[in-house]
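Enquirer: next come a sequence and a model predicted from it.
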Amino acid sequence: MKTVLITGANRGIGLGHARRFAERGVAVFATARRIDADDELHRLAHAHPGRFTVLHYDAADPEAPAQLKAALGDTPVDLLLANAGATGESGQALGNIHVDGVLDLIRTNALAPLKLVEALVYNITLSERKLVALQSSRMGSIGGNTTGGSYEYRLSKVAVNMIARNLANDLAPRGVTVVALHPGWVRTRMGGQGANIDVETSVAGQQQLLDTAGPAHNGRFFNYDGTELPW
Ligand SMILES: NC(=O)c1ccc[n+]([C@@H]2O[C@H](COP(=O)([O-])OP(=O)(O)OC[C@H]3O[C@@H](n4cnc5c(N)ncnc54)[C@H](OP(=O)(O)O)[C@@H]3O)[C@@H](O)[C@H]2O)c1
């Protein structure tokens, strides 16, 4: 892996990936929707001069994919890790469904990664590894859903899963491998402090999988420990 682009890299799992890839000598494009010259991403940029670049990206901005493409030019990107994601405001349960909230979350969690892949696919095809990883969630698994609830988050992540499988079919002829990932239940702002695993464990497992991912992994859904999940 020579070059990766990670969205939502300013905190949580995305920051963990950015830090670990940088420590491994990989060139990192780390995106955040709020750029602060005094933040952890800029400390990483100072620590890894010339191979850690902080870029602006707001998944809710329709112009953002074209702006990222312009910033990258024709730089080959071995791995696009579309990690930025949100849970929505209200944790919607039956009896409390807000259609506009659901649609907003689908835009951020599913349509934004799709438009990003669309904008950057040429950069991915220029690379050696040609990998796309969409940070989904077990909450988007239909086969694994035994608990109900969380309509807006589940709908946004099941959409990501279909996008991953569809992109896998569309991009296989160009040599691109597309996977959907579940990071585990991770102690971040989203996962909460009661979650099962820390960021480092999730990131190490996901990077081990991504290091070896290739055409045999195309169109599949993986837990952070490398086991396969049901769609
Ligand atoms: N933690 C878990 O247990 C868990 C489980 C399953 C799946 N996931 C998935 O893993 C990914 C990372 O989650 P996390 O736990 O690291 O969450 P987190 O700590 O809440 O971080 C979320 C990241 O996404 C960014 N983001 C949110 N909305 C955005 C937008 N509109 N445009 C650009 N960036 C945006 C955030 O940026 P700001 O700082 O600007 O808000 C932040 O960098 C998400 O896709 C999440 O759904 C997490």
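Expert: All right, it came through fine. All values derive from a computational prediction rather than experimental measurement.

Enquirer: surely G191 meets H182?
Expert: No: counting by C-beta atoms under 8 Å, G191 sits too far from H182 to count as a contact (11.7 Å). To be clear about C-beta, it is placed using only N, CA and C from the backbone, and glycine gets the same treatment.

Enquirer: tell me which of these two has more neighbours.
Expert: H182 (25 against 20; other C-beta atoms under 10 Å).

Enquirer: what residues are up against the more buried one?
Expert: Shown in contact with H182 (C-beta atoms under 8 Å, 6 or more residues apart in numbering): 136-138, 141, 221-224, 229.

Enquirer: for it, what are phi and psi?
Expert: phi -110, psi 120 (degrees, to the nearest 10).

Enquirer: shaky segments in the chain?
Expert: 90-91 (pLDDT under 70).

Enquirer: for it, what spans make up the helices?
Expert: 12-23, 40-47, 64-72, 99-106, 112-125, 151-171, 199-212 (DSSP state H).

Enquirer: ok, I97 to V160 distance?
Expert: Separation of I97 from V160 (C-beta to C-beta, to the nearest Å): 20 Å.

Enquirer: neighbour-wise, which of these two wins?
Expert: V160 (26 against 13).

Enquirer: go ahead and confirm that one touches G140.
Expert: Yes: using C-beta under 8 Å, V160 makes contact with G140 at a distance of 6.0 Å.

Enquirer: what touches both of these two?
Expert: Counting by C-beta under 8 Å, 6+ apart, the residues touching both V160 and G140 are A180.

Enquirer: out of the helices of the chain, which gets nearest to the ligand?
Expert: Distance to the ligand, taken as C-beta to the nearest ligand atom, is lowest for helix 12-23 among the helices of the chain, at 2.3 Å.

Enquirer: against which helices or strands is the closest one packed?
Expert: strand 3-6, strand 27-32, helix 40-47, helix 199-212 (3 or more C-beta pairs under 8 Å, 6 or more residues apart in numbering; DSSP states H and E).

Enquirer: for this protein, what lies in contact range of the ligand?
Expert: Taking C-beta under 6 Å from any ligand atom as the criterion, the neighbours of the ligand within the chain are 8, 10-14, 33-34, 57-60, 83-86, 108, 135, 137, 182-183, 185-186, 188-191, 195.

Enquirer: list buried residues within the residues you listed.
Expert: When these are checked for burial by 16 or more other C-beta atoms under 10 Å, the buried set is 8, 10-14, 57-59, 83-86, 108, 135, 137, 182-183, 185-186, 188, 190-191.

Enquirer: list the ones among the residues you listed that fall in strands.
Expert: Among those, the ones falling in strands (DSSP state E) are 135, 182.
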